[in-house]
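Asks: please find the sequence and the predicted model below.
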There are 2 protein chains.
Amino acid sequence: MPAPGLRERKKQRTRDALIRVALELFTEQGYERTTVDEIVDAVEVSQRTFFRYFASKEEVAFAVQHMVEALFVTALEQRPPGEGPFDALRHAVLSAWDHAGEAISEAVPIELYLRTFEMIESTPALLAVHLRRSAETEETIARIIAEREGLDVDEDPRPRIAVAAFSGVMRVTGQMWVRGTDQSLEAIRALTERYLDHLGPALAPHWRNSAPGDTP
Amino acid sequence: MPAPGLRERKKQRTRDALIRVALELFTEQGYERTTVDEIVDAVEVSQRTFFRYFASKEEVAFAVQHMVEALFVTALEQRPPGEGPFDALRHAVLSAWDHAGEAISEAVPIELYLRTFEMIESTPALLAVHLRRSAETEETIARIIAEREGLDVDEDPRPRIAVAAFSGVMRVTGQMWVRGTDQSLEAIRALTERYLDHLGPALAPHWRNSAPGDTP
DNA sequence: AGGCTAATGACAGTCACTGACAATTGACAA
DNA sequence: TTGTCAATTGTCAGTGACTGTCATTAGCCT
């Protein structure tokens, strides 16, 4: 790909600036207390321009998150076909977290991403959108799994069910991560492994026995 | 409880009318295409009054759904202590569906509830709120499960993990239900059983073997 | 240089939602 | 029954997200 023209570069810069400023303001003063006018004033574009780049005030908050999700989907698509469904999912997340740092830092400082994640989880309006986006991603993932196994998602419910259970655990992981003390990418990777290991036992008929010591 | 005064009865009637009219308009012309003004004009109250009964336009859409969730939580709390966590969850949903019909019809016609559920699933803004509400319910449920097992939700991750997996399957169930042809309470009860039965096998290392014929 | 088109800005308007204050209306005691 | 109190409702003005429209600007390409 040759160097994009001045026009394209300008657009990219405007978009990046909007994301950067928005996330900074959101994390500093809170999402609700930040108006779109504040963002566009800081970037010196009109409000109309903001809404040409982002369909809503919410959308700009998920720009980086969007990349990380794409990373996971790509990782899943590249898992070897021999791997069972659940192993493929497991290895795909872990691989995604391994490459997330690099990918994120090309857009914004990692630390800003972490604070953004925290803000999303603690802002009701954003949490709602986050969950809906996740649900959409689940559908994509279920289709990938179905294809790996040579199944039709609309005939066999197992792809969607497995993905739903898996995603549920991922959600709890993210939730526990932001509530914990160690908010680093290494920490969420470790938590991911730990929580996935717990899924099997958690579905057992009784819990009396297995219970490794755990602190979220 | 003695007969509530005129004031209370009037409030209840206004609230019911708002819910009824709102759901009717939402399901007929769509959520986004219905304005709050249309609702309050039909009920003949001021817009301000609407927002005194409901914090947002979204909230009125979940009034009935709210009851069903409460039904489930109550059912779970009444499961015998001997039952394992997953069995308790399973029996609680099934019991909730058994009593849902009666509970719902006290508020609105069942058929209106079914159409509302469909609308929620197909309206992005409402789906987002629905998922957030479900996430909140999950937390409640996790605490109940933890208590049943004599555990601390913040020490042992299994309650949250089990509930997350369970809720994920419930979500898929609801989703498949509204997409299917038989939209009755009996149908979703049957789907619930079937999908829960699939959870174990779906998490197995390989799917080669078990696969009952399925049409969602 | 000059025409074409994508990108932006300016402006007016809609809709959800909120705060403040006035008007109304059950509740309840004298 | 009436008068007082407090809850409920209505009115009004305002904010903030978002959209359609149209004029203006500014890369792009010959």
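Replies: Received it, and whenever you're ready, just let me know what you need. What you see is a predicted model; the values in this text were computed from it and never measured.
Asks: and the contacts of the one helix or strand A:Ala22 maps to?
Replies: Using DSSP states H and E, A:Ala22 falls within helix A:6-29. For helix A:6-29, contacts defined as CB atoms under 8 Å, 6 or more residues apart in numbering or on different chains pick out A:4, A:34, A:38-40, A:42-43, A:45, A:49-50, A:53-54, A:60-61, A:63-64, A:107-108, A:112, A:115-116, A:118-119. From N, CA and C alone the C-beta is placed, and that goes for glycine too.
Asks: now the buried members of the residues you listed.
Replies: Neighbour counting with 16 or more other CB atoms under 10 Å in any protein chain shown marks A:34, A:39-40, A:43, A:45, A:50, A:54, A:60-61, A:63-64, A:107-108, A:112, A:115-116, A:119 as buried within the contacts of helix A:6-29.
Asks: restrict those residues to those near DNA strand D?
Replies: The subset of these within reach of DNA strand D, by CB under 7 Å from any atom of the strand, is A:Thr34.
Asks: tell me the mean pLDDT over stretch A:137-147?
Replies: Mean pLDDT, computed over stretch A:137-147, is 97.
Asks: and it, how far from the chain's centre?
Replies: How far stretch A:137-147 lies from its chain's middle: 16 Å, per CA atoms, centre = their mean, to the nearest Å.
Asks: any idea how far the spatially closest residue to A:Ala42 that is not a sequence neighbour is from chain B?
Replies: Computed as CB to CB, 6 or more residues apart in numbering or on different chains, the closest residue to A:Ala42 that is not its neighbour in sequence is A:Val21, at 4.8 Å. Applying CB to the nearest CB, to the nearest Å, the value for A:Val21 to chain B is 25 Å.
Asks: returning to that earlier point: what mean pLDDT does the helix holding A:Ala22 get?
Replies: Here the average pLDDT along helix A:6-29 is 96.
Asks: can that helix be found next to DNA strand D?
Replies: Yes - if you take CB under 7 Å from any atom of the strand as the test, helix A:6-29 does meet DNA strand D, through A:Leu6, A:Arg7, A:Glu8, A:Lys10.
Asks: mind checking what helix or strand follows that helix in sequence?
Replies: helix A:36-43.
Asks: can you check what angle separates that next one from helix A:6-29?
Replies: 120 degrees (axes from the mean of the first three to the mean of the last three CA atoms, to 10 degrees).
Asks: other residues contacting the helix or strand just after helix A:36-43?
Replies: The C-terminal neighbour of helix A:36-43 among helices and strands, as given by DSSP H and E, is helix A:47-53. Helix A:47-53 has contacts (CB under 8 Å, 6+ apart) with A:Thr14, A:Arg15, A:Leu18, A:Val36, A:Asp37, A:Ile39, A:Val40, A:Val60.
Asks: filtering those by proximity to DNA strand C, which remain?
Replies: A:Thr14.
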